[in-house]
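Have a look at this fold, sequence not included:
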Ligand SMILES: Nc1nc2c(ncn2[C@@H]2O[C@H](COP(=O)(O)OP(=O)(O)OP(=O)(O)O)[C@@H](O)[C@H]2O)c(=O)[nH]1
Ligand SMILES: [Mg+2]
């Protein structure tokens, strides 16, 4: 499935129906008076968050969404039918902005969240409204008002509680694949992951917590190197980051710092987010090499006042229960 996380759409609410001019014509009712009905209201355009959608892909092909017009008024003071509303489904985690000013209009996070984005036009008035003592047979009516029209910018920010970050090839996708039912592509070359993967990890209580695996970060990502920091937006809403480091790398300290710098460069408070630093691929190291790698990383992490450093092997399923226990503890989940 293609993953699209940004889209622009145009929305147009329905025009209000026109009011009409009509007169009562009935046997035995001379000079029956004005009876033109009002036009119906135009339909609104609404966005609704739907838990079954994962991307903004639909908006790649369809970009214009219009609600139905209100109907004209009828004789005998009949008001025209209102236009149907247009309901657009978006994935949970969609931010909606006015495309021209980029002002935030709303953020649809929970399933069923609704946002009115274009108000339908009011119906016009029929001539029955203009009856007065001066004018017993008004010929006046008004037109319906145009519906609102807006250009919107949609941006999807995935709703994961835990984000897995690290350099390319650190084993992020492998980790999410062993912790959850997610089956992302895994390979021994950098940038295997091109779009974020979500996986649901079962807590001790049986509920699920969503983990996100995002494409690898490299030095300069904030300036657009590699896949850029574009995908960091998907971990903006996480409560905890798992920073995965390949323990068999030549310079684990450099690996640690590169990602740290990219988080800082990205901003949005990501470098302040609670973080578990985790060495991966430890089955490749003998115990002396592992101790020395752990020491190096611990020292650096301690100076930042973070949590204990963990050591795992995603591929060989080593210390995964310990990792999860640390995650639940950080999230305050028993
Ligand atoms: N020996 C060993 N290899 C591992 C371990 N975890 C992952 N790998 C291997 O490391 C390589 C990269 O794994 P991925 O999970 O694709 O890494 P990634 O961090 O998702 O990489 P990108 O998507 O490119 O950023 C693959 O060949 C994995 O099989 C591990 O614990 N031990
Ligand atoms: Mg990957």
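Thanks, I have it. It should be emphasised that the depicted structure is a prediction, and the values quoted were computed from it without experimental measurement. Numbering: from 1, shown residues only. Ligands and ions are numbered 1, 2, ... in the order given.

Only C-alpha atoms from now on, for both contacts and neighbour counts.
Noted.

Would you mind listing where the chain has pLDDT under the threshold?
Along the chain, segments meeting pLDDT under 70 span 1-3, 228, 305-306, 334.

List, one by one, the residues from it near ligand 1.
167-174, 186-193, 215-216, 280-281, 284, 313-316 (C-alpha under 6 Å from any ligand atom).

Give me the three-state assignment for the closest residue to residue 104 other than its chain neighbours.
Spatial nearest neighbour of residue 104, chain neighbours left out: residue 97 (4.4 Å); criterion: C-alpha to C-alpha, 6 or more residues apart in numbering. What DSSP: H, G, I helix; E, B strand; the rest coil gives for residue 97 is strand.

what does residue 165 give?
In three-state terms, and counting by three-state DSSP, residue 165 is strand.

Show me where the stretch 151-300 of the chain has its helices.
For the stretch 151-300 of the chain, the helices defined by DSSP state H, counting those that start in this stretch cover 172-179, 252-266, 287-302.

what's the closest of these to residue 6?
Smallest distance to residue 6 across these (C-alpha to C-alpha): 18.3 Å, for helix 252-266.

Identify each buried residue in the closest one, please.
252, 253, 255, 256, 258, 259, 260, 261, 262, 263, 265, 266 (16 or more other C-alpha atoms under 10 Å).

swap in stretch 29-40?
Across stretch 29-40, burial judged by 16+ other C-alpha under 10 Å covers 33, 34, 35, 36, 37, 38, 39, 40.

Any buried residues in stretch 276-292, and which?
Neighbour-count burial for stretch 276-292, counted by 16+ other C-alpha under 10 Å, picks out 276, 277, 278, 279, 280, 281, 282, 283, 290.

what's the answer for stretch 77-92, then?
Buried residues in stretch 77-92, counting neighbours by 16+ other C-alpha under 10 Å, are found at 77-92.

The residue nearest to residue 87 when sequence neighbours are not counted and residue 112: what is the separation?
Among residues not flanking residue 87 along the chain, residue 46 sits closest, at 4.9 Å (C-alpha to C-alpha, 6+ apart). Going from residue 46 to residue 112 by C-alpha to C-alpha, to the nearest Å gives 11 Å.

Give me the more crowded residue out of those two.
Legend: neighbour count by other C-alpha atoms under 10 Å for residue 46 and residue 112, higher for residue 46 (20 against 15).

who's in contact with that one?
Going by C-alpha atoms under 8 Å, 6 or more residues apart in numbering, residue 46 touches 85, 86, 87, 88, 114, 115, 116, 117, 118.

which residues does the second one bridge with?
Beta-bridge partners for residue 86, by DSSP bridges, are residue 45.

so it sits right up against residue 48, yeah?
No - using C-alpha atoms under 8 Å, residue 86 makes no contact with residue 48, being 10.3 Å away.

For residue 107, give me phi and psi.
Note on residue 107: backbone dihedrals following degrees, to the nearest 10 are phi -140, psi 110.

And the residue lying closest to it once chain neighbours are set aside, how far from ligand 2?
Closest residue in space to residue 107, ignoring its immediate chain neighbours: residue 95 at 4.4 Å, by C-alpha to C-alpha, 6+ apart. Distance, residue 95 to ligand 2, by C-alpha to the ion, to the nearest Å: 26 Å.

For the stretch 151-300 of the chain, which segments count as strands?
All strands of the stretch 151-300 of the chain, identified by DSSP state E, counting those that start in this stretch, fall at 162-166, 197-202, 208-213, 240-246, 275-280.

Which among the ones you listed is found nearest to ligand 2?
strand 208-213 (6.9 Å; C-alpha to the ion).

what does the chain have sitting close to ligand 2?
173, 193 (C-alpha under 5 Å from the ion).

Break the chain down into its structural domains.
The chain breaks down by automatic domain parsing into domains covering 6-156, 162-331.

Check whether residue 7 really touches residue 99, as I assumed.
No - between residue 7 and residue 99 there is no contact under C-alpha under 8 Å: 10.1 Å.

among the domains of the chain, which is the most enclosed?
domain 6-156 (a mean of 20; mean count of other C-alpha atoms under 10 Å).

Tell me how far it lies from the chain's centre.
In this view, domain 6-156 has its centroid 26 Å away from the chain centroid, taken as C-alpha atoms, centre = their mean, to the nearest Å.

same thing with stretch 187-194?
25 Å.

Just give the nearest non-adjacent residue to residue 54, would you?
Of all residues not flanking residue 54 in the chain, residue 91 sits nearest, at 5.4 Å (C-alpha to C-alpha, 6+ apart).

Next, the contact list for the one you found, please.
49, 50, 51, 52, 53, 54, 55, 56, 156.

separation between the last one and residue 91?
Taking C-alpha to C-alpha as the measure, residue 156 falls 7 Å from residue 91.

Thanks a lot, see you next time.
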